[in-house]
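Peer 1: Mind folding the following:
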Amino acid sequence: MTSGPGPLRVDHGVTSGTFTLDGGSWDVDNNVWVVGDESECVVVDAPHDADAIAGVIGERAVLAVLCTHAHDDHVGAARELAERFSAPVRLHPDDDVLWRQSYPDFDYQPLADGETIGVAGQSLQVIHTPGHAPGAVCFYVPSLGALFSGDTLFRGGPGATGRSFSSFDVIVDSLRERVLTLPSETVVHTGHGPDTTIGAEAANQAEWSVPSR
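Peer 2: Predicted coordinates:
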């Protein structure tokens, strides 16, 4: 668990399953992040296992299931969580083409670039960061000095761009123009694997000649 000022905190879990796209399937471990206080929270990504995510949530009210993007390993438990906790799923509409591969008949509420999402008296800021997926977003929490990057930024560089609906040039532009401008000490909570910081990744930009994963 990572603690922040005031009542807001970040709880972390890991779920395991598969990522399927373009006719291939891969075993993956995904991070799930729950941001809130003792009474309410939002869930950042809903990978694989609703029961495991519910264990991280506990008895809290869920205000929303926030999706960094719509690849199936990040939204596989979204509908079940939303129905279990009577919470909306929020997704940037540019990822509708990917969402419909998992949920052709279940709707989400659209996220907008620059929107703020309130929880426990604090705000998460939506930053549209296309590249890994057209509707990929990051969630920035100034009061925690934290960014939830999904698969846009990892320790070591940008997320994968070798599959449908992705672009390496676009993800690099998103990172350089919209993400690496955040304070260097900002902690980056990623969609897979360990945390990093904005400063550490900004220092590695010269190595971003090919997708890192």
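Peer 1: helix or strand right after the helix or strand of the chain with the lowest mean pLDDT?
Peer 2: Ranked by mean pLDDT, DSSP states H and E, the weakest helix or strand in the chain is strand 2-3, scoring a mean of 43. Using DSSP states H and E, the next helix or strand after strand 2-3 towards the C-terminus is strand 9-21.
Peer 1: Within its sheet, name the partner strands of that following strand and how each one runs.
Peer 2: Taking DSSP bridges as the criterion, strand 9-21 forms sheet pairs with strand 2-3 (antiparallel), strand 24-36 (antiparallel).
Peer 1: which stretch in those strands has the least confidence?
Peer 2: For the strands paired with strand 9-21, mean pLDDT drops lowest on strand 2-3, to a mean of 43.
Peer 1: how much space is there between the closest residue to His132 other than its chain neighbours and Ala82?
Peer 2: Take His132 and drop its neighbours on the chain: the residue closest to it by CB to CB, 6 or more residues apart in numbering is Gly159, 4.1 Å away. The C-beta positions use only the backbone N, C-alpha and C, and glycine is treated the same way. Taking CB to CB, to the nearest Å as the measure, Gly159 falls 25 Å from Ala82.
Peer 1: Those two - which one has more neighbours?
Peer 2: The residue with more neighbours, out of Gly159 and Ala82, is Gly159; 28 against 22, by other CB atoms under 10 Å.
Peer 1: Am I right that that one is in contact with Leu153?
Peer 2: Yes: with contact defined as CB atoms under 8 Å, Gly159 and Leu153 form a contacting pair (6.9 Å).
Peer 1: so what sits against both of those two?
Peer 2: Shared contacts of Gly159 and Leu153, defined by CB atoms under 8 Å, 6 or more residues apart in numbering, are absent.
Peer 1: show me what contacts Ser16?
Peer 2: Taking CB under 8 Å, 6+ apart as the criterion, Ser16 is in contact with Asp27, Val28, Asp29, Asn30, His48, Asp49.
Peer 1: Out of those, grab the one that's most surrounded.
Peer 2: Greatest neighbour count in the contacts of Ser16, by other CB under 10 Å, goes to Asn30: 26 neighbours.
Peer 1: who does that one bridge with?
Peer 2: Beta-bridge partners for Asn30, by DSSP bridges, are Thr15.
Peer 1: Pretty sure it sits against Thr190.
Peer 2: No: when contacts are counted by CB under 8 Å, Asn30 is not listed as touching Thr190 (9.9 Å).
Peer 1: now the helices for this structure?
Peer 2: Assigned by DSSP state H, the helices in the chain fall at 50-57, 72-75, 78-85, 96-102, 168-174, 198-202.
Peer 1: And the ones you listed: which comes nearest Trp208?
Peer 2: Closest of those to Trp208 is helix 168-174, at 6.0 Å (criterion: CB to CB).
Peer 1: which secondary structure elements does the closest one contact?
Peer 2: On a contact count with 3 or more CB pairs under 8 Å, 6 or more residues apart in numbering; DSSP states H and E, helix 168-174 meets strand 157-158.
Peer 1: Can you spell out which helices and strands pack onto the strand it packs on?
Peer 2: Using 3+ CB pairs under 8 Å, 6+ apart: strand 157-158 touches helix 168-174.
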